[in-house]
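Peer 1: fold the stuff below for me.
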Amino acid sequence: MTSDPEKNRQRVRQLVDKPGNGNCADCGAADPEWASYTLGVFVCLSCSGLHRNIAQISKVKSIVLDPWSSSEVEFMDSAGNNAAKAKYEQIVPAFYYKPTHKDCMLLREQWIRAKYERKEFMCVEKQEPYSAGYREGFLWKRGRDNGQYLSRKFILSEREGVLKYFNKHDAREPKAILKINTVNATFQPTKIGTANGLQITYLKDNSTRNIFVYHEDGKEMVDWFNAIRAARFHYLQVAFPGASIADLLPKLTRNYIKEGYMEKTGPKHTEGFKKRWFTMDDRRLMYFKDPLDAYARGEVFIGSKENSYSVLPGLPANIQGYHWPFGITIVTPDRKFLFACETKRDQQDWMAALQSVIDRPMLPQEYAVEAYFKRKP
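Peer 2: Residues are numbered from 1 along each chain as shown. Next comes the predicted model:
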């Protein structure tokens with residue numbers, strides 16, 4: 001005969017088959033094997049660890065290994081992911097970033113805390129930090145030349161359409177003004193070396209500029225991120241009045257398609273190959289001497305196959321000098337760009353990333369960007 005604990009464990013495992021329970025309630029990962037028996041949600045292993053950080057609210061168990069009481073199983077049956085979503089995600093703003101299992105730990109932890117601990121999406125007033133259209137505060141910003149992080153005052157103003165920062169706390173004039181229409185923000189904990197590290201980029205004279213910032217408080221950092229998304233959302237709603245919310249959301253912020261080291265040679269293909277950090281940001285392939293440089297050393301526009309762009313494995317036969325063994329040739333209407341990867345896997349990953357962009361037809365506004373690249377000195 002099956003024992004009661006074993007029966008209960010079987011019952012709770014069967015509940016995963018109910019609608020909504022087959023994916024983690026917090027990040028969407030498939031086949032969750034953990035559950036919060038106080039909140040009534042099924043979660044993945046990674047999110048179960050984050051639930052332990054709010055132990056006063058959420059208590060988790062494995063649905064595979066841990067014993068379950070009959071009352072706990074009854075509660076899980078009466079609750080479940082769909083019921084929890086209806087309760088804890090009642091009023092999530094359209095612009096608010098809902099993390100997936102692919103996102104960094106900070107975004108997922110703050111999403112979990114916002115839902116269950118702070119109950120931000122059950123009360124509009126609690127969304128003030130990122131919904132007000134204005135935000136100011138101090139962030140640690142990496143110095144452009146010396147790499148030192150110093151406290152800088154930042155102001156985000158939807159009305160002015162800018163994000164600006166000041167080098168001195170009492171300064172009247174900002175050190176830099178970033179227009180919201182070109183701003184992007186992406187969390188980069190590994191690259192920056194801190195769990196709360198955010199990379200903010202903007203265009204200046206159509207060239208990309210990087211700012212690296214962090215704050216010790218994870219909530220503060222995620223609030224800044226969502227405030228930037230809110231400002232971008234409202235700007236885009238005005239700029240593209242006919243666009244649907246679904247069309248606008250992917251444009252609020254974006255992660256890079258790929259980053260990593262490759263070697264490159266110059267336009268004559270006779271210069272020695274040099275190791276550089278590359279970032280693929282939509283149609284811009286940028287290279288830097290150091291991953292945390294403020295400015296790219298160069299940028300290459302990657303158009304579409306309809307416009308005579310292509311990517312090929314290997315390098316031309318006449319290329320001399322030492323370089324990594326796995327070559328990539330990017331063909332544009334004007335010239336060829338030559339790169340080399342350290343491993344076959346790196347080559348394949350870069351080729352796939354570049355091909356995904358080349359396979360995408362160009363948008364009308366991207367022709368203007370391409371034209372500017374052609375005019376660059």
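Peer 1: for the rest of this, base every contact and every neighbour count on C-alpha atoms.
Peer 2: Fine.
Peer 1: excluding residues flanking it in the chain, which one is nearest Asn307?
Peer 2: Setting aside the residues directly before and after it, Asn307 is nearest to Pro333 in space (CA to CA, 6 or more residues apart in numbering), at 7.6 Å.
Peer 1: looking at this, that neighbour is in a strand?
Peer 2: No - secondary structure assignment (DSSP: H, G, I helix; E, B strand; the rest coil) places Pro333 in coil, not in a strand.
Peer 1: contacts only, for it.
Peer 2: 307-309 (CA atoms under 8 Å, 6 or more residues apart in numbering).
Peer 1: list phi and psi for it.
Peer 2: phi -60, psi -20 (degrees, to the nearest 10).
Peer 1: for the longest helix along the chain, packing partners?
Peer 2: When the chain is scanned for its longest helix (criterion: DSSP state H), the result is helix 218-239. Helices and strands touching helix 218-239, by 3 or more CA pairs under 8 Å, 6 or more residues apart in numbering; DSSP states H and E, are helix 105-112, helix 128-131, strand 149-157, helix 245-248.
Peer 1: now tabulate the ones you listed in TSV and tack on mean pLDDT and distance to Cys341.
Peer 2: Below are the helices and strands packed on helix 218-239 laid out as TSV (pLDDT from 0 to 100; distance: least, CA to CA, whole Å):
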stretch	mean pLDDT	distance to Cys341
helix 105-112	98	29
helix 128-131	94	41
strand 149-157	97	32
helix 245-248	95	35
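Peer 1: pick the most buried one from the ones you listed.
Peer 2: Mean neighbour count, computed with mean count of other CA atoms under 10 Å, is highest for helix 105-112 among the helices and strands packed on helix 218-239, reaching a mean of 21.
Peer 1: that one - contacts with which helices or strands?
Peer 2: Helices and strands touching helix 105-112, by 3+ CA pairs under 8 Å, 6+ apart, are helix 45-51, helix 218-239.
Peer 1: can you redo those as CSV with mean neighbour count and distance to His269?
Peer 2: Shown next, in CSV, are the helices and strands packed on helix 105-112 (neighbours: other CA atoms under 10 Å; distance: least, CA to CA, whole Å):
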stretch, mean neighbour count, distance to His269
helix 45-51, 19, 47
helix 218-239, 20, 41
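Peer 1: dump these into CSV; add mean pLDDT as well.
Peer 2: Supplementary listing: the helices and strands packed on helix 105-112 in CSV, determined by pLDDT from 0 to 100:
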stretch, mean pLDDT
helix 45-51, 97
helix 218-239, 97
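Peer 1: re earlier: among the contacts of Pro333, who's most crowded?
Peer 2: Highest neighbour count within these: Tyr309, with 20 neighbours (other CA atoms under 10 Å).
Peer 1: which non-adjacent residue is nearest that residue?
Peer 2: Using CA to CA, 6+ apart, the nearest residue to Tyr309 is Thr332, at 4.7 Å.
Peer 1: list the contacts of the one you found.
Peer 2: Contacts were defined as CA under 8 Å, 6+ apart; by that measure Thr332 touches 302-303, 308-310.
Peer 1: need phi/psi at it.
Peer 2: Reported as degrees, to the nearest 10, the phi and psi values for Thr332 are phi -120, psi 170.
Peer 1: now do it, the pLDDT please.
Peer 2: Looking at Thr332, its pLDDT stands at 96.
Peer 1: then the one 4 residues further on?
Peer 2: Per-residue confidence at Lys336 stands at 95 (pLDDT).
Peer 1: Ile330 is in contact with that one, correct?
Peer 2: Yes - the pair Lys336 and Ile330 passes the contact test of CA atoms under 8 Å, sitting 5.6 Å apart.
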